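*Asks:* Sequence below, structure please.
(2 chains)
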Amino acid sequence: MTFIREIGRLLLVLAFQVLLFDHLHIGSWGVVMVYILFLINLTVRIPRWAEMLVGLLVGLVMDVWHSSLGIHIAACVALSYVRPLLLNKAVQDVERIKDNISIQTIGRIEYTKSAVILTVLHHFIVFALETWNIQFWWIVLLQTLISSVMTLCVILGYEYLKR
Amino acid sequence: MRNLLQFIARYSNFLIFLILEVVAFILITTTHQYQNSAVWSSANRFAAGTENMMTTIGDYFCLQQENQRLAEENAQLKNLLMEQANQLEAILERDSQYVYAQLDWDYIPAKVVHITTHKQHNYLTINKGLRDSIQVDMGVVGKDGVVGIVSAVGEKYSLVVPIIHVGMNLSCRLQNNNYIARTQWNGMRHDEVTLQDVSRHVTVNMGDTVVTSGLTNVFPEGIIVGIVAETEITENDNYHRTKLHIATDYKTIKYVQVIRNHTPNQVK
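*Replies:* Purely as a prediction, here's the structure:
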């Protein structure tokens, strides 16, 4: 049952990404990559190797859509590797977490903190690999900054309003 | 041996992470440049199909402008046709070989299903593929000028690399002195490319037209690439630093034509 629900969430978030958010961008500076919400909110009961494979799968779908095979995979796998390390403490404190990670289950501060770190990490990898030119480092940083703010506005906005 | 197994067991997650990242890097390095596969890109039937559906829905909202634009283009083409017919008659009398050279090309109309302009490696997806006899390395033009080159072909859709792709070099020439150069995109603005290899001794002026060179069989000679927007040269430079305003507007492009060459010996 959980499995089916997760698949449903994945499809929903991917649909939002490719049908809506891919078409909203500020030049090449601000891109909204809201699909990582699925990876951030993924249940903690999943084993770590499986989590990384899920990251690979989600990254692959995005890469096929963006004709950029490998870039989103690298970023999503890194995000999936780092997430349990970040959440370890928060999750240990609260034994009752059965479902997905959200503001309700791990609290405002913990959630915001991990969402910010994971989003910045993911966006930085995407832009760094896409540009792949040390000469343009400041462009990569600026893109990461602007896009992270945009993505976080959507993700945190959604999480805070969800209730 | 036991130590090794212990090591693997202890760091298994990190090893999986490393392996997956290596896989990603291999994928990036093998597919990133120019060539791309039709299955693992947006020329894939499912991805292109969805984008096609979205474009179709979006099209309904701007039918009126589109009609207006088509009517204008129609009128232009009619004028051009008359002009060409007159010219053709004159040329036929004089030199029939030239005319046959022009007839070596034909155009396959296609619609842009999906386009990105905000990345370093931009692509267009068009709604024609193998079954419309599209092949890799065919040239693509729009109503204003050069658009790009086909890089991958699927059954129903194809992927096109535009001039605004950091891996793209297009052979072109300055129209007024026939000097050969090439375009190169620096990944910044979607309406601007730099013109490389223009030596010191060549005169370049603002507003000069740059057209395809005709040295390759991808494009016929003389299709507009862009107009010189900015050019400078300092004491120490061997080459002009020239920026080109691209004739094609990638933000609004909707319809393109794929160019097919009939000559048997293809020079790429």
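*Asks:* The residue nearest the centre of chain A and residue A:116, how far apart?
*Replies:* By C-alpha atoms, centre = their mean, chain A has its centre lying nearest to residue A:36, at 2.3 Å. Per C-beta to C-beta, to the nearest Å, residue A:36 is found 12 Å from residue A:116. C-betas here are computed from N, CA, C, even on glycine.
*Asks:* Also residue B:216?
*Replies:* Distance of residue B:216 to residue A:116, computed by C-beta to C-beta: 49 Å.
*Asks:* swap in residue B:254?
*Replies:* Residue B:254 is 39 Å from residue A:116, by C-beta to C-beta.
*Asks:* Alongside chain B, which residues does chain A contribute?
*Replies:* Residues of chain A found near chain B (C-beta under 8 Å from any C-beta of the partner chain) are A:18-19, A:25, A:27-28, A:31, A:48-49, A:52-53, A:55-56, A:59, A:63-71, A:73-74, A:77-78, A:81, A:129-133, A:136, A:139.
*Asks:* was I right about the residue nearest to the centre of chain A contacting residue A:79?
*Replies:* Yes: judged on C-beta atoms under 8 Å, residue A:36 makes contact with residue A:79 at a distance of 6.4 Å.
*Asks:* list the contacts for residue B:158?
*Replies:* Taking C-beta atoms under 8 Å, 6 or more residues apart in numbering or on different chains, we find residue B:158 in contact with B:38, B:43, B:110, B:125, B:126, B:128, B:129, B:134, B:150, B:152, B:258.
*Asks:* just residue A:49 next, same as before
*Replies:* Residues in contact with residue A:49 (C-beta under 8 Å, 6+ apart) are B:12, B:13, B:16.
*Asks:* helices or strands up against whichever strand or helix holds residue A:147?
*Replies:* Here residue A:147 sits within helix A:137-162, counting by DSSP states H and E. Applying 3 or more C-beta pairs under 8 Å, 6 or more residues apart in numbering or on different chains; DSSP states H and E, one finds that helix A:137-162 makes contact with strand A:30-31, helix A:36-41, helix A:103-106, helix A:108-131.
*Asks:* again, only using 7 Å
*Replies:* strand A:30-31, helix A:108-131 (3 or more C-beta pairs under 7 Å, 6 or more residues apart in numbering or on different chains; DSSP states H and E).
*Asks:* Could you pull out the buried residues of the last one?
*Replies:* Same thing as helix A:108-131. A:110-112, A:114-115, A:118-131 (16 or more other C-beta atoms under 10 Å in any protein chain shown).
*Asks:* Kindly format the C-alpha coordinates of it as CSV.
*Replies:* Extracted in CSV, the C-alpha atoms of helix A:108-131 (Å, rounded to 0.1, in the frame of the first residue of the first chain):
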residue,chain,number,x,y,z
ARG,A,108,10.0,22.9,11.3
ILE,A,109,13.7,23.6,12.0
GLU,A,110,15.0,20.1,11.1
TYR,A,111,12.9,20.0,7.9
THR,A,112,13.9,23.4,6.7
LYS,A,113,17.5,22.8,7.5
SER,A,114,17.7,19.5,5.6
ALA,A,115,15.6,20.8,2.7
VAL,A,116,18.0,23.7,2.2
ILE,A,117,21.1,21.6,2.4
LEU,A,118,19.8,19.0,0.0
THR,A,119,18.4,21.5,-2.5
VAL,A,120,21.6,23.5,-2.7
LEU,A,121,23.7,20.3,-3.0
HIS,A,122,21.5,19.0,-5.8
HIS,A,123,21.3,22.2,-7.7
PHE,A,124,25.0,22.8,-7.4
ILE,A,125,25.8,19.4,-8.9
VAL,A,126,23.3,19.9,-11.8
PHE,A,127,24.7,23.3,-12.8
ALA,A,128,28.3,22.4,-12.3
LEU,A,129,28.0,19.3,-14.4
GLU,A,130,26.0,21.1,-17.1
THR,A,131,28.4,24.0,-17.4
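*Asks:* which of the contacts of residue A:49 are buried?
*Replies:* B:13, B:16.
*Asks:* Out of the contacts of residue A:49, which are close to chain A?
*Replies:* Among these, the ones lying near chain A by C-beta under 7 Å from any C-beta of the partner chain are B:13, B:16.
*Asks:* how about low-confidence regions in chain A?
*Replies:* By pLDDT under 70, the low-scoring segments of chain A are A:92-98, A:163.
*Asks:* Let me know the outermost residue of it.
*Replies:* residue A:135 (27.0 Å).
*Asks:* For residue B:204, give me phi and psi.
*Replies:* For residue B:204, the backbone dihedrals (degrees, to the nearest 10) come out as phi -120, psi 130.
*Asks:* In contact with it, which residues?
*Replies:* Residue B:204 is in contact with B:174, B:198, B:228, B:231, B:240, B:242, counting by C-beta atoms under 7 Å, 6 or more residues apart in numbering or on different chains.
*Asks:* so the spatially closest residue to it that is not a sequence neighbour, which of the three states?
*Replies:* Excluding its sequence neighbours, the residue lying closest to residue B:204 (C-beta to C-beta, 6 or more residues apart in numbering or on different chains) is residue B:231, at 4.8 Å. Here residue B:231 is recorded as strand under DSSP: H, G, I helix; E, B strand; the rest coil.
*Asks:* Quick one: neighbours of residue B:31, just the number.
*Replies:* 19 (other C-beta atoms under 10 Å in any protein chain shown).
*Asks:* Now for the nearest residue to it once chain neighbours are set aside, how many residues are close by?
*Replies:* Leaving aside its chain neighbours, residue B:31 sits nearest to residue A:69 (4.6 Å; criterion: C-beta to C-beta, 6+ apart). When neighbours are counted by other C-beta under 10 Å, residue A:69 registers 21.
*Asks:* I'd guessed residue A:69 sits against residue B:29; true?
*Replies:* No: the criterion here is C-beta atoms under 7 Å, and residue A:69 misses it with residue B:29 at 10.3 Å.
*Asks:* So which of the contacts of residue B:204 is the closest to chain A?
*Replies:* Comparing those against chain A with C-beta to the nearest C-beta places residue B:242 closest, at 19.7 Å.
*Asks:* Near chain A, which residues of the stretch 151-268 of chain B are found?
*Replies:* B:159, B:187.
*Asks:* Looking at the stretch 151-268 of chain B, which residue is nearest chain A?
*Replies:* For the stretch 151-268 of chain B, C-beta to the nearest C-beta, closest residue to chain A: residue B:159, 6.3 Å.
*Asks:* does that residue really touch residue B:41, like I thought?
*Replies:* Yes: using C-beta under 7 Å as the test, residue B:159 is close enough to residue B:41 to be in contact (5.2 Å).
*Asks:* State the phi and psi torsions of the closest residue to chain A within the stretch 51-200 of chain B.
*Replies:* Nearest residue of the stretch 51-200 of chain B to chain A: residue B:118, at 3.9 Å (C-beta to the nearest C-beta). Torsion angles at residue B:118 (phi, psi; degrees, to the nearest 10) stand at phi -100, psi 10.
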